[in-house]
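Q: predicted model, plus sequence, below.
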Amino acid sequence: MTKERTGIVTIHGNPLTLLGPEISVGDQAPPFTVVDNDLKPVTLNDSKGRVRLITVVPSLDTPVCDTMIRRFNEEAAGLSDDLVVYTISVDLPFAQKRWCGAAGVEGVQTLSDYQELDFGLHYGLLTKELKLLARAVLVINRAGKIVYYQLVNEVVDEPDYAAALEAVKKLL
């Protein structure tokens, strides 16, 4: 049975239930499998040995998610070849590809968790009520440990960009 956690995240002040375990800084990053824009599987292990900035959004087609991904594309994507920037949502890969083309986003790789909800369930970020992912930012070091984690409590709020980028820069 999947663990349920309530009272942590809201949308417009209404509480949501998160499915999956609670993760923390210092934890080994759980494995996951998602798909890229060509429906090819992508795992955490595919970027082993590199610094990973993982941004998690409910849907690219919402204003806050759009702003968030554009900002990380602008500020993080060009920092180092040793950095991988992923954005994970449950949007269909076709929609992600269309959005990236329209937005001119090339430095962030959009990945979809729509098939198995594997990422959402392993990272405790799947919302039971919406079947969308909660907004979060993670930084995972080369050894696979989570060194930064922000779960945005109100889904319509933006994350702390400066703190996430500072965590990334410390590892590069």
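A: It's in.
Q: how about the helix or strand of the chain with the lowest mean pLDDT: buried residues?
A: One helix or strand of the chain scores below all others by mean pLDDT, DSSP states H and E: helix 93-103, with a mean of 88. Buried residues in helix 93-103, counted by 16 or more other Cβ atoms under 10 Å: Pro93, Ala95, Gln96, Lys97, Trp99, Cys100. For glycine as for every other residue, the C-beta is placed from the backbone atoms N, C-alpha and C.
Q: and Leu16, what does it touch?
A: Listed by Cβ atoms under 8 Å, 6 or more residues apart in numbering, the contact set of Leu16 reads Thr6, Val9, Thr10, Thr127, Lys128, Glu129, Leu130, Ala134, Val155.
Q: surely the last one and Val56 touch.
A: Which is Val155. No. At 10.8 Å, Val155 does not count as touching Val56 under the criterion of Cβ atoms under 8 Å.
Q: now for the two: what residues contact both?
A: In contact with both Val155 and Val56: Ala134, Arg135, using Cβ under 8 Å, 6+ apart.
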